[in-house]
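Undergrad: model the following, please.
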Amino acid sequence: MRISLLIIKRTLNIVIILTIVFLVNGIIEHFLVQNKINEFKSRGVEYFYIANSNSYYYKVAKKHEYEDASRNVVDFDRKWLGSKTDIFITSRNPMRDDPNFSWIVAPLSKYFYIGHATINVTDSGSKVIEVFGNSSEPEDNVVAESNNIWYYSGEDTPNIVGLRIKNTTEEQRNKIVDYAKSKLGYLYNYSFLLNRNRSFYCTDLVSRAVASVGININYDHLATTGNDLIVSRNVYIIYYRELIYENGRPRYNIYFLGKE
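TA: Numbering: from 1, shown residues only. Below is the predicted model:
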């Protein structure tokens, strides 16, 4: 009995310590994320305005040598975002609306970008690979290939960050896509740290696909959050959308890396 109580006590201590580390690390990363986003936004010049959608587009000029604007970022005709292996992340988490979890999920998803992430698997940006864990049907909580619908995201997805991996070759991008596709049908990982051979959560799937070619985009090497991906030195921002309200009306500010 005493041994069991000792084990429980030690386990709780470990959980508490890990939670504190996660929160402190996440707060630090939050400020790093905001700095990176603000630097990207600071280069934006108003490009055009779409009245019916209340969207303001800002073309961001290339500044850094590693920024590749030759591949698709926004296809305005077909409404697709990004190119092969580009990553899109949102702070929107479906569990924020669940009264049982919203008290903790809402602030975490907002400040740590614990929402959803996908990775593009086509040069045109038409398809992504992703995994959800919130469906009531277990067979839907698996790694799947889907249409890229980030362009159409509404008020329920207030902030979106698009990332591009630095200095990849076409061969590397193909290998990353092959890895992601090889995991189609794998289950969602609700433990986040355990059972990693047979299951994935969304940001984990993305980071491990990129790691398959020797590139680490998990900033702190712990459980992968959206913050980890954004802060990584091996990626840069190509797209950012923010939702603000003016006189009660939604306004979307959309920044995208423009071609030279």
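Undergrad: C-alpha from now on. contacts and neighbour counts both.
TA: OK.
Undergrad: three-state assignment of Glu39?
TA: Three-state call for Glu39 (DSSP: H, G, I helix; E, B strand; the rest coil): helix.
Undergrad: so what touches the one helix or strand Glu171 maps to?
TA: Here Glu171 sits within helix 170-182, counting by DSSP states H and E. With contacts defined as C-alpha atoms under 8 Å, 6 or more residues apart in numbering, helix 170-182 is touched by 84-85, 121, 129, 145, 205-206, 209-210, 212-213.
Undergrad: using PDB, write out every CA atom in that helix.
TA: Output of helix 170-182 as PDB, limited to C-alpha atoms (Å, rounded to 0.1, in the frame of the first residue of the first chain):
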ATOM      1  CA  GLU A 170      12.300  18.800 -55.000                       C
ATOM      2  CA  GLU A 171      13.600  15.400 -53.900                       C
ATOM      3  CA  GLN A 172      13.200  16.300 -50.200                       C
ATOM      4  CA  ARG A 173       9.700  17.600 -50.800                       C
ATOM      5  CA  ASN A 174       8.700  14.400 -52.500                       C
ATOM      6  CA  LYS A 175      10.100  12.300 -49.700                       C
ATOM      7  CA  ILE A 176       8.200  14.300 -47.100                       C
ATOM      8  CA  VAL A 177       5.000  13.800 -49.100                       C
ATOM      9  CA  ASP A 178       5.700  10.000 -49.400                       C
ATOM     10  CA  TYR A 179       6.200   9.800 -45.700                       C
ATOM     11  CA  ALA A 180       2.900  11.600 -45.000                       C
ATOM     12  CA  LYS A 181       1.000   9.400 -47.500                       C
ATOM     13  CA  SER A 182       2.500   6.300 -46.000                       C
END
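Undergrad: list the buried residues of it.
TA: Within helix 170-182, the residues scored as buried using 16 or more other C-alpha atoms under 10 Å are 172-177, 179-181.
Undergrad: closest to Ser91 among the contacts of helix 170-182?
TA: Val206 (15.6 Å; C-alpha to C-alpha).
Undergrad: hmm, back to that, tabulate the buried residues of helix 170-182 (a markdown table), appending distance to Val235 and pLDDT.
TA: Below are the buried residues of helix 170-182 laid out as a markdown table (distance: C-alpha to C-alpha, whole Å; pLDDT from 0 to 100):
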| residue | distance to Val235 | pLDDT |
| --- | --- | --- |
| Gln172 | 14 | 98 |
| Arg173 | 14 | 98 |
| Asn174 | 17 | 98 |
| Lys175 | 17 | 98 |
| Ile176 | 15 | 98 |
| Val177 | 17 | 98 |
| Tyr179 | 19 | 98 |
| Ala180 | 18 | 98 |
| Lys181 | 21 | 98 |
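Undergrad: so which of these comes closest to Phe200?
TA: Distances from Phe200 to the buried residues of helix 170-182, taken as C-alpha to C-alpha, are shortest for Ala180 (10.7 Å).
Undergrad: so how far is Val131 from the closest one?
TA: 11 Å (C-alpha to C-alpha, to the nearest Å).
Undergrad: still on that earlier bit, after the helix holding Glu171, which helix or strand is next? Please name it.
TA: Following helix 170-182 in sequence order, the next helix or strand is strand 187-188 (DSSP H and E).
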